[in-house]
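K.L.:
The amino acid sequence is not available; the structure is as follows:
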């Protein structure tokens, strides 16, 4: 019988990030990550399909916070207002005391194209899931896709700004600004047909 | 002395697409692609770094059409109006007689995650390049990034719609609709501060 390891994924994830940051992603093996926290390689692979996935633990939780924000929007909310609610929910998932961890993680990703691709894929999946949730609320297909993609664009831009060394605002404040800027930019375009 | 092969990249690209579509991407080698048009594997690798790149020949031209559209916008155009000009320019790059080719290419991409990733990467690069061009016009950093990303989102959604079997409108018509829908969605959001 496999004994349950309390907190093993979290410990492995933390060790993985530290090793990736100090030695480099390519130079670190799953066995070394496991060894760093007194676990076996076999245990590592019970939790993650490969070492890359140790950096993406928690993706389901992020998707869940977006969906919670979609669900929290009142029935009368327009598609982009629902997305704004999702962004507020997601921002709360990254309190400022998580910023050092997120910065370190981003520095690892910035140095490796395969990790950048995995991060892009995460955001693509997120957009698809949010679009599905909007359609479930009765939003038309095109509006749902556009609103969801725009929301993920705002989130991606805001998140990178939040990680800047000179940035002190919360992710929620930044995300509000970026979302507001998108609305402002669109307002500069004359409506179709004029 | 290396003899210049007239049209070799185009012939290799066409053969690659046909073989990928009939045999599958994984099951096709660079040597087979070259052989199909009477060229050597060595010639193939003079034009493409790997077989995947044969599907992405022409990416620089697409980027160029976007930049031409940016340049064609009047100095008074707002960031999203500049992006609308870029979208019109890009749409003209895909006349309707290119649709069967683009559909076949997309069907190959849809069946292979590595190709989907390469396509996402292409759009990321495109957004970065358009954002740089907007900044060169004096657009502020955040507005440039948001407008460029939004433009590429509109392009991506429009392009997939253009490829649908039941779709008969031109890419330009679809892109106008999707762009207009984005503006309409944003107009449903009360301006910040209200």
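P.N.:
That came through fine. Being a predicted model, the structure only gives us computed values, none of them experimental. Residues are numbered from 1 along each chain as shown, chains lettered A, B, ... in the order given.

K.L.:
quick one: contacts of the helix or strand containing residue A:105?
P.N.:
Applying DSSP states H and E as the criterion places residue A:105 in helix A:99-110. If you take Cβ atoms under 8 Å, 6 or more residues apart in numbering or on different chains as the criterion, helix A:99-110 is touched by A:17, A:20-21, A:25, A:55, A:94, A:115-116, A:119, A:159-160, A:162-163, A:165. C-beta here means a position set from N, CA and C on the backbone, and glycine is covered the same way.

K.L.:
can I get those in CSV with neighbour count, secondary structure and pLDDT?
P.N.:
Compiled in CSV, the contacts of helix A:99-110 are given as follows (neighbours: other Cβ atoms under 10 Å in any protein chain shown; DSSP: H, G, I helix; E, B strand; the rest coil; pLDDT from 0 to 100):
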residue, neighbour count, secondary structure, pLDDT
A:17, 19, helix, 95
A:20, 26, helix, 95
A:21, 15, helix, 95
A:25, 18, coil, 95
A:55, 21, helix, 92
A:94, 21, coil, 95
A:115, 19, helix, 93
A:116, 14, helix, 92
A:119, 20, helix, 92
A:159, 20, helix, 97
A:160, 14, helix, 96
A:162, 24, helix, 97
A:163, 19, coil, 97
A:165, 5, coil, 93
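
K.L.:
For chain B, what is the nearest residue in chain A?
P.N.:
residue A:186 (3.3 Å; Cβ to the nearest Cβ).

K.L.:
gap between that residue and residue B:147?
P.N.:
Separation of residue A:186 from residue B:147 (Cβ to Cβ, to the nearest Å): 10 Å.

K.L.:
do the same with residue A:44
P.N.:
Residue A:44 is 43 Å from residue B:147, by Cβ to Cβ.

K.L.:
where in chain A is pLDDT low?
P.N.:
A:1-6, A:192-194 (pLDDT under 70).

K.L.:
Using the record, which stretches count as separate domains in it?
P.N.:
With domains defined by automatic domain parsing, chain A comprises A:8-54, A:58-187.

K.L.:
Pick out the residue nearest the middle of chain A.
P.N.:
In chain A, the residue lying closest to the centroid (Cα atoms, centre = their mean) is residue A:62, at 5.6 Å.

K.L.:
And the contacts of the helix or strand where that residue lies?
P.N.:
In the assignment (DSSP H and E), residue A:62 maps to helix A:59-72. By Cβ under 8 Å, 6+ apart, the list of residues contacting helix A:59-72 from outside reads A:82-83, A:85-90, A:92-93, A:122, A:125-126, A:129-130, A:133-134, A:137, A:151.
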